[in-house]
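I would like to see how this sequence folds:
(chains A and B)
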Amino acid sequence: MTPAAVEVRGLRKSYGQLEAVRGIDLRVERGEVFALLGPNGAGKTTTVEILEGHRQRTAGEVSVLGHDPGRNERALKERMGIVLQQTGVDEYLTVREVVQMVAGYYPRPRDPDEVIALAALADLSDRRVKQLSGGQKRRVDLAVALAGDPELLFLDEPTTGFDPGARRQAWETVRGLAALGKTIFLTTHLMDEAQALAHRLAIISDGVIVATGSADELIGATSSTTRVRFRLPAGGEPPERFGAQREASAWQLETDEPTRTLNQLTEWALSTDADLLDLEVSRRSLEDAYLQLTAEAAEAEAEA
Amino acid sequence: MSGLALAIRQIGYENRAFWRNPVSAFFTFAFPLLFMVIFNVLFGAGAAGFFTPGIIVFAVVTATYTNLAMTVTIARDAGILKRIRGTPLPAWAYLAGRIGHAVVIAFLLVVIVAGFGTLAYGVEVPWGALPAVVLVLVVAAAAFSALGLALSGLIPNAEAAPAVVNASILPVLFISNVFIQMDNAPGWLDTVSHLLPVRHFADAMMKLYASGSAAGVPWTELGVIALWGVMGVVAALRFFSWEPRR
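Predicted coordinates:
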């Protein structure tokens, strides 16, 4: 078995009395896009900053590309790129100057113009960073992280504050990087982002990992998987056996046997002449799975 | 690239960024000259022999200590230091780049102030003692740079930087033979000022300006300045922070 890009065992981090990370295990394979998903304050940034070497752990074993990030080794930093939650470059330099400056820190940098194009900044490369918009500065961040042609890329909430168009564009960039064989470690609180990008993800809640797997596995792991939604003409009500719940002006039910349920539902509708308006059949989303998993974790915590 | 080559390259980038803010650059250089003109009006050209070396000291302290304490704190709060920390650039090479740039500005200021003193007020540059002058300037620039980095570690946030930096240096400049002669100061204040590095820097420059090569190398003053520099390095290693304080 080739060594993992990131391997974490029993990681803990306390700030005084507060235990932000309470014993987590993670394994990220080389070439994988991995997402650490969780609400704000769950311990995502603490975890990723320990992996980046920005923070020292309280306990546990951490290996990043075979190195201990806590040792602040140059050899490790030469192989990874980091996008922090906040930008931080000299604003009086141009985009190209910043990328060239950072590229010079690495033994085998990628061509700065290529990096600028990858971050969709080609038209802005001679602009001073000071003159860029917030979203454009985030792309400079990405360019800086890519300057050294890293094997492993950390992205800490990379699209926070992006408009939907910019977000899709950033996703395309991440997919492009994954296609180049880069390992990507992503944190996000956005379900659709994790679902769109990650091969595998871990859900973190209150400092512990509550589930790990692909989005499909996590959705499948929680019981009911298909959702049926419809409206009925005024005053109409479906029979109780369907277990449908009222949701605003519509009815909603969840089922493990969508074929059978839909058949029964349409049969009932035809036989009683009730029109199923705006009928919608959807898979349970990652968001549902996520909410259920984090709620279960909180419940178990309360019982313990 | 070796760490040294990276440090020198970093000076180049700092320098480029500095000149891109022309208003800031203009006042950096105009400020000490403004002081010289005001002192000349207030005290007459006869005092130029005192205030020319005094303003040289002021310029070096401002360009290194004040400047580094402020800009490094601002860069830290803007996340620039943390960003650098995540790259393979050695920490010392980055800081050497910032210090190197500050020292370049300090030396430009020295040349401008000394030149202005000669041309406007006829204050002779002590050419005969040039090696000693350069030695004092190098040791002082290094020491005040280290003290500036140490102070930055003690400043809680960028907003507090100007207040903390000014409160730490302006009173010291006033009791150190820089703006005001200490001849009539009470003995205890004279003693306090002799414990601090600015007084020794000013006295060394004053001696070299007054007596030229006859003054010799001011070893005592150099020793005190260097000692403060070492304390600055120790404090910087202890307190310096790469991340914004919360």
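
For residue 202, list the residues it contacts.
Just going to use chain A. Going by C-beta atoms under 8 Å, 6 or more residues apart in numbering or on different chains, A:Ala202 touches A:Leu26, A:Phe34, A:Ala35, A:Leu36, A:Leu37, A:Ile209, A:Ala211, A:Thr212. Every C-beta, even on glycine, is put in place using the N, C-alpha and C of the backbone.

you looked at the wrong chain, it should be chain B
When contacts are counted by C-beta under 8 Å, 6+ apart, B:Ala202 touches B:Pro53, B:Gly54, B:Val57, B:Ser176, B:Asn177, B:Val178.

about what we covered before: take the contacts of A:Ala202 and keep only those in strands.
A:Leu26, A:Phe34, A:Ala35, A:Leu36, A:Leu37, A:Ile209, A:Ala211, A:Thr212 (DSSP state E).

Looking at those, which two lie furthest apart in space?
A:Phe34 and A:Ala211 (13.6 Å; C-beta to C-beta).

out of the ones in strands among the contacts of A:Ala202, who's nearest A:Glu172?
Closest to A:Glu172, out of all of the ones in strands among the contacts of A:Ala202 and judged by C-beta to C-beta, is A:Ala35, at 16.4 Å.

separation between the closest one and A:Leu118?
Using C-beta to C-beta, to the nearest Å, one obtains 20 Å as the distance from A:Ala35 to A:Leu118.

higher neighbour count, these two?
Neighbours per residue, other C-beta atoms under 10 Å in any protein chain shown: of A:Ala35 and A:Leu118, the larger number sits with A:Ala35, 26 against 18.

residue contacts, the closest residue to the more buried one other than its chain neighbours?
Spatial nearest neighbour of A:Ala35, chain neighbours left out: A:Ala198 (3.6 Å); criterion: C-beta to C-beta, 6 or more residues apart in numbering or on different chains. By C-beta under 8 Å, 6+ apart, the residues touching A:Ala198 are A:Val33, A:Phe34, A:Ala35, A:Leu186, A:Ser214, A:Ala215.

that older thread, please list which of the contacts of B:Ala202 are also close to chain A.
With the criterion set as C-beta under 8 Å from any C-beta of the partner chain, no member of those is near chain A.

Inside strands: which ones of these?
Assignment to strands by DSSP E places none of these there.

Spell out which two among those residues are the most distant pair, please.
Top of the distance list for the contacts of B:Ala202 (C-beta to C-beta): B:Pro53 and B:Ser176, 12.0 Å.

check which helix or strand covers the residue nearest to B:Glu243 when sequence neighbours are not counted.
Of all residues not flanking B:Glu243 in the chain, B:Lys82 sits nearest, at 5.1 Å (C-beta to C-beta, 6+ apart). Element membership for B:Lys82, per DSSP states H and E: helix B:80-85.

So which bits of that helix are buried?
B:Ile80, B:Leu81, B:Lys82, B:Arg83, B:Ile84, B:Arg85 (16 or more other C-beta atoms under 10 Å in any protein chain shown).

Quick check: the gap between the last one and B:Val104.
Spelled out, it's B:Arg85. Relative to B:Val104, and taking C-beta to C-beta, B:Arg85 is found at 24 Å.

list the helices and strands the longest helix seen in chain B packs on?
Identified as the longest helix of chain B according to DSSP state H is helix B:91-121. If you count contacts as 3 or more C-beta pairs under 8 Å, 6 or more residues apart in numbering or on different chains; DSSP states H and E, helix B:91-121 packs onto helix B:3-19, helix B:22-43, helix B:48-61, helix B:67-77, helix B:80-85, helix B:130-154.

so who does B:Val125 touch?
B:Ala114, B:Gly117, B:Thr118.

Give me the spatial nearest neighbour of A:Leu279, chain neighbours excluded.
According to C-beta to C-beta, 6+ apart, the nearest residue to A:Leu279 is A:Phe230 (4.6 Å).

Also B:Ala141?
B:Val103 is the one closest to B:Ala141 (C-beta to C-beta, 6+ apart), at 4.8 Å.

residues touching the residue in the stretch 151-300 of chain A positioned nearest to chain B, list them.
Nearest residue of the stretch 151-300 of chain A to chain B, counting by C-beta to the nearest C-beta: A:Phe154, 8.5 Å away. Contacts for A:Phe154 (C-beta under 8 Å, 6+ apart) come out as A:Val48, A:Leu51, A:Glu52, A:Met80, A:Gly81, A:Ile82, A:Val83, A:Ala145, A:Phe185.

Which ones, among the residues you listed, also lie beside chain B?
A:Glu52, A:Ile82.

The one residue in the stretch 51-200 of chain A that gets nearest to chain B in helix, strand or coil?
Closest to chain B within the stretch 51-200 of chain A is A:Gly88: 2.9 Å, counting by C-beta to the nearest C-beta. With DSSP: H, G, I helix; E, B strand; the rest coil as the basis, A:Gly88 sits in coil.

what separates it from A:Val129, distance-wise?
Relative to A:Val129, and taking C-beta to C-beta, A:Gly88 is found at 10 Å.

Show me which residues of chain B are close to chain A?
B:1, B:6, B:9-10, B:13, B:16-18, B:20-21, B:75, B:78-83, B:85-90, B:243.

Just the buried residues of these.
So, by 16+ other C-beta under 10 Å, the buried ones in the residues of chain B next to chain A are B:6, B:9-10, B:13, B:16-18, B:20, B:75, B:78-83, B:85-90.

what about the residue nearest to B:Gly54 when sequence neighbours are not counted, how many neighbours?
Closest residue to B:Gly54 apart from its sequence neighbours, by C-beta to C-beta, 6+ apart: B:Val178 at 4.6 Å. Counted with other C-beta under 10 Å, the neighbours of B:Val178 add up to 26.

next one: the one 10 residues further on
Neighbours of B:Trp188 under the rule other C-beta under 10 Å: 8.

and the helix or strand containing it, what's its mean pLDDT?
Using DSSP H and E, B:Trp188 maps to helix B:187-195. For helix B:187-195, the mean pLDDT works out to 95.

Need the contact partners of it.
Contacts for helix B:187-195 (C-beta under 8 Å, 6+ apart): B:Val172, B:Ile175, B:Ser176, B:Asn177, B:Met182, B:Ala185, B:Arg199, B:His200.
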